[in-house]
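Got a sequence here, can you build the structure:
(one chain, ligands or ions: 1)
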Amino acid sequence: MRFDVFTIFPSMFSGFLNESILKRAQQQGLIEIALHNIRDWATDKHRTVDDTPYGGGPGMVMMAPPIVRAVESVLGEELATTPIVLLSPSGELFTQDVARELARYRRLALICGRYEGIDDRVRIVLAARELSIGDYVLTGGELAAAVVIDVVSRLVPGVIDPESLAEESHSSGLLEYPQYTRPPVFRGLGVPEILLSGNHAKIAEWRRMMALCRTKARRPDLLARAPLTERDRALLERCPPDPFAHLGPVYDETEGEPRATD
Ligand SMILES: C[S@@+](CC[C@H](N)C(=O)[O-])C[C@H]1O[C@@H](n2cnc3c(N)ncnc32)[C@H](O)[C@@H]1O
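Numbers count the residues shown, from 1 in each chain. Sure, this is the predicted structure:
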């Protein structure tokens, strides 16, 4: 999948894109990220991309012509078939479902605003989809574009092990169950015994129950939309009083070897 990012700060992306999973995915040719400086499509010697708002008010607004020229010339014949995303706090909320939808395309264009935002005619002319990464205001769209690239890239086949994706928070409409790894006791807190039992059916049931209970406690809005089975409803009846409290044994570490107290 190819991402075309339109920004006036291309260097902001370098550290983020060149580490870890995204770096490997680019090296393997699974994703490609092209950064385009909108100023390259300005026409004056100062490479101006902003102007004062019509109607008055504070700050500057990004002008339509350089952005539209940039997107049209980079996308060329693929303009009509490539989703164009305009990062904006007024946009539709960017969720895992939206990410899944975008990951079906082979190319995605992302336009990053700055200042007071972008002339609204850009959205109209490019038939752009406005996306917000949350109900807060960033100084610019670059972080938001990086979030979209990160989330969508993880869904591109080959980037992440499909088994990891299947059980993650939001993949099934639920938050994830709690995870543990070595050491078996940390600061007196042990690991829930079921996870050490080797009984895979019971472990899967416990994890499903914890995903359900944690979602109910923290995100009832998600639980209300999640497709639940009769078995899920029965598991919800068994929720611990606080599914975010520590659920494993607690040891007294004050006298040498850990001793179970719970
Ligand atoms: C300072 S903001 C402009 C805010 C604008 N005046 C408003 O009130 O909606 C500058 C740019 O940051 C980006 N941005 C800010 N918050 C965002 C969010 N929650 N999601 C996506 N992009 C955001 C957009 O690209 C926006 O054009």
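
From now on I want contacts and neighbour counts done on CA atoms only, so please keep to that.
OK.

Counting residues, which strand of the chain comes out longest?
Criterion DSSP state E: the longest strand present in the chain is strand 84-93.

Any buried residues in it, and which?
I84, V85, L86, L87, S88, P89, G91 (16 or more other C-alpha atoms under 10 Å).

Stretch 229-243 too?
Neighbour-count burial for stretch 229-243 flags L235, L236, C239, P243 (criterion: 16+ other C-alpha under 10 Å).

Outside of the longest strand of the chain itself, list whatever touches it.
Residues outside strand 84-93 that contact it (C-alpha atoms under 8 Å, 6 or more residues apart in numbering) are 108-113, 117, 123, 126-137, 141, 144-145.

Can you say which of those residues are buried?
Neighbour-count burial (16+ other C-alpha under 10 Å) applied to the contacts of strand 84-93 gives 108-113, 117, 123, 126, 128-134, 141, 144-145.

Contacting the ligand as well, which ones from those residues?
Counting by C-alpha under 6 Å from any ligand atom, C112, G113, G117, S132, I133, G134, G141, A144 from the buried ones among the contacts of strand 84-93 sit close to the ligand.

and which of these is nearest T7?
Using C-alpha to C-alpha, C112 comes nearest to T7 of these, at 5.2 Å.

Wait, that closest one touches L138, no?
No - the pair C112 / L138 is not scored as a contact, 10.9 Å apart, by C-alpha atoms under 8 Å.

So which bits of the lengthiest helix in the chain are buried?
Longest helix in the chain by number of residues (criterion: DSSP state H): helix 200-218. For helix 200-218, the neighbour count (16+ other C-alpha under 10 Å) marks I203, W206, R207, R208, M209, M210, A211, L212, C213, R214, T215, K216 as buried.

I'd like to know which elements whichever helix or strand comes after it is packed against.
Downstream of helix 200-218, the next assigned helix or strand under DSSP states H and E is helix 220-225. Applying 3 or more C-alpha pairs under 8 Å, 6 or more residues apart in numbering; DSSP states H and E, one finds that helix 220-225 contacts helix 200-218.

Please identify which helix or strand holds the residue positioned nearest the centre of the chain.
For the chain, V151 is the residue whose C-alpha lies nearest the centre (C-alpha atoms, centre = their mean; 4.1 Å). Assigned by DSSP H and E, V151 belongs to helix 142-154.

what sits up against that helix?
Applying C-alpha under 8 Å, 6+ apart, the contact partners of helix 142-154 are 1, 3, 5, 7, 9, 12-13, 16, 22, 31, 87, 94, 96, 99-100, 102-103, 110-113, 132-133, 159-160.
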